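Trainee: Sequence and predicted structure, then a few things I'm wondering about:
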Amino acid sequence: MSENNIISRQQMTFVIYNFIAFTLIFSIFGLIIFSQMKLTLYSKTDVDLFTFKRNIEQQGLPPLQQKRAFGPPENRQPGPGPMPFMPNPRITILTWNQSGEIINSEGNTGYYDDLFTDLALTKSDLPSTIMIDGQYHFRTLTLPDPNPQDEIATIQLLVNVDGEQNVIHNFQTLLILCSILFILLSLAASFILSRKTMKPIIRSWNKQVEFVENASHELRTPLTIIQNKVELLLTTPYEKIMDKFEHIALILSETRRLSKLTTDLLTLARADSSETQLIKQPIEVDPFVQQVCEPYIELADSQSKHLWVETQSDATMQADKSRIHQLMVILLDNAIKYTGKNDSILVKTVSDDHSVTLEISDTGIGISEEGLQQIFDRFYREDKARSREKGGAGLGLSIAQWIVTSHHGTIKALHNQPKGTIIRIKLPI
């Protein structure tokens, strides 16, 4: 499977996952809003129904319904307790007998007399919504008749909720339209987010491919040289070591270069996986820098180069001593490697209240403008032929950058005037 196919499939997977997540969020959010709005609209109606039910259970039917149940006022016997309550004008009362027939369907149900002729009784202890005649919505609640002396078996309370139902219908339509719009927007957002998510993955993929290709190339050269020289030695098994000294020396040199390259690759791999932990301790900057530079001063003198140190910092910083030592070794090796006879190398330290600045400048071959932008990239070499002659693989400054970054510092490469390069490092105290 090609790289493009893998990336396309992964991006489509991200789109689907994001789309499902957005759709679920919008759907749950819409359902919660809709249910809460519906409960809020019906809350006042339900309170009225429960209040009316409680009054009936305590005081009996209101006078209008008692007239239907007991006949004219002169035939009714006054009972103990408070006078019957007055009905709520919003509530329609239907009374049902044991046979499931409406007793008061004519003349006692306000404007709705003709609506209830075909109504079937549905008993419910909780308020529910019913539709009558295919267009009118009522909120209803039933209760058993508290008076055993009349012919009424069940009392049904109804409140017209056409207004509330219309609001619910309009809100539901609006919610559906908004949900469709949000789903379309979530699809677009999922596509955009998946592309943004894939960018670092693609960048890491490309870096990994480039890293593997460069590492393979760097490893192939010394391995090829070692293999050729060993095969050549095998063709003359009876020769003395003295006669094959040059071949053995070259094999040893390439083996050392291969070992260093492998160590550098392992360091960068551990840095990428965050496996390497820093062990920080107090470091007196000036004595430490002078100690590291001391052998390089002698090395520079042996090559007719000048290296001197200017320490102007009295600071003590918290850092990993072995990693800072490795950092300086990398920079000093590069400075000596890319300077010629009678060139100069200056190591300088200064500090302020918050940071220490370490600067290594030389008057060597320098670096181009393009090189300044890529000098810390892995396997980058300004002059590959010259770097190979000097044993460089283009990993040292990448490791240096990782060391500085892991200490929350900064590292920059600058032009030195009139020629050469400046590496400026700033580390927090």
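Mentor: Cool, got the structure.

Trainee: Secondary structure of Thr197: a helix, I assume?
Mentor: Yes: remark: Thr197 belongs to a helix, assigned using DSSP: H, G, I helix; E, B strand; the rest coil.

Trainee: Just give the closest residue to it, not the sequence neighbours.
Mentor: In this structure, Thr197 finds its nearest non-sequential neighbour in Phe14, 5.4 Å apart by Cβ to Cβ, 6 or more residues apart in numbering. The C-beta positions use only the backbone N, C-alpha and C, and glycine is treated the same way.

Trainee: just checking, the one you found is part of a helix?
Mentor: Yes: secondary structure of Phe14 (three-state DSSP): part of a helix.

Trainee: I figured it hits Phe191, correct?
Mentor: No: between Phe14 and Phe191 there is no contact, the gap being 9.0 Å when judged by Cβ atoms under 8 Å.

Trainee: Which one of these two is surrounded by more residues?
Mentor: For Phe14 and Phe191, the more surrounded residue by other Cβ atoms under 10 Å is Phe14, and the numbers stand at 19 against 16.

Trainee: thinking again about what came up before, tell me the contacts of the residue nearest to Thr197?
Mentor: Contacts here follow Cβ atoms under 8 Å, 6 or more residues apart in numbering; on that basis Phe14 touches 190, 193-194, 197-198.

Trainee: go on, Asp46?
Mentor: Applying Cβ under 8 Å, 6+ apart to Asp46 gives the contacts 127, 139.

Trainee: on that earlier part again, and the residue nearest to Thr197, how far from Leu187?
Mentor: For Phe14, the distance to Leu187 equals 13 Å [Cβ to Cβ, to the nearest Å].

Trainee: Where does pLDDT dip in the stretch 251-400 of the chain?
Mentor: Along the stretch 251-400 of the chain, the parts satisfying pLDDT under 70 run over 274-275, 382-393.

Trainee: so where do the helices sit in it?
Mentor: Secondary structure of the stretch 251-400 of the chain, counting by DSSP state H, counting those that start in this stretch: helices at 285-302, 321-337, 369-374, 384-389, 396-406.

Trainee: just so I know, which of these lies nearest Leu233?
Mentor: Within these, the stretch nearest Leu233 is helix 384-389; the backing value is 23.5 Å (Cβ to Cβ).

Trainee: and Thr339, what does it touch?
Mentor: Per Cβ under 8 Å, 6+ apart, neighbours of Thr339: 305, 345, 362-365, 420.

Trainee: Go again with 10 Å.
Mentor: 300, 303, 305-307, 345, 362-365, 420-421 (Cβ atoms under 10 Å, 6 or more residues apart in numbering).

Trainee: And the residue nearest the centre of the chain, what's its pLDDT?
Mentor: For the chain, the residue lying nearest the average C-alpha position, counting by Cα atoms, centre = their mean, turns out to be Thr197 (9.4 Å). Reading off the confidence values, Thr197 has pLDDT 82.

Trainee: That one touches Gln10, doesn't it?
Mentor: Yes: counting by Cβ atoms under 10 Å, Thr197 does reach Gln10; the two are 9.1 Å apart.

Trainee: Need the contacts of Phe14 in CSV (columns: distance to Gln36).
Mentor: Output for these, formatted as CSV (distance: Cβ to Cβ, whole Å):
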residue, distance to Gln36
Ser190, 28
Leu193, 30
Ser194, 33
Thr197, 34
Met198, 39
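
Trainee: give me every residue that touches the residue lying closest to Phe376 once chain neighbours are set aside.
Mentor: For Phe376, the nearest residue in space outside its immediate sequence neighbours is Gln401; the separation is 4.4 Å by Cβ to Cβ, 6+ apart. Gln401 makes contact with 271, 327, 330, 375-378, 409-411, 413, 425, according to Cβ under 10 Å, 6+ apart.

Trainee: does Ile155 sit in a helix, a strand or a coil?
Mentor: Following three-state DSSP, Ile155 is assigned to strand.

Trainee: Going by residue numbers, what spans are strands in the stretch 1-150 of the chain?
Mentor: 91-96, 128-132, 136-144 (DSSP state E, counting those that start in this stretch).

Trainee: can you pull the buried residues of the longest one?
Mentor: Residues 137-143 are the ones in strand 136-144 that count as buried (16 or more other Cβ atoms under 10 Å).

Trainee: ok so, going back, what subset of the contacts of Thr339 is buried?
Mentor: Buried by 16+ other Cβ under 10 Å: 300, 305, 307, 345, 362-365, 420-421, out of the contacts of Thr339.

Trainee: Show me which of those residues is closest to Thr154.
Mentor: For these, the closest approach to Thr154 (Cβ to Cβ) belongs to Thr421, at 98.9 Å.

Trainee: and the buried residues of strand 136-144 as TSV, adding pLDDT and distance to Pro62?
Mentor: Supplementary listing: the buried residues of strand 136-144 in TSV, determined by pLDDT from 0 to 100; distance: Cβ to Cβ, whole Å:
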residue	pLDDT	distance to Pro62
His137	89	24
Phe138	90	19
Arg139	91	19
Thr140	92	18
Leu141	92	16
Thr142	92	17
Leu143	91	14
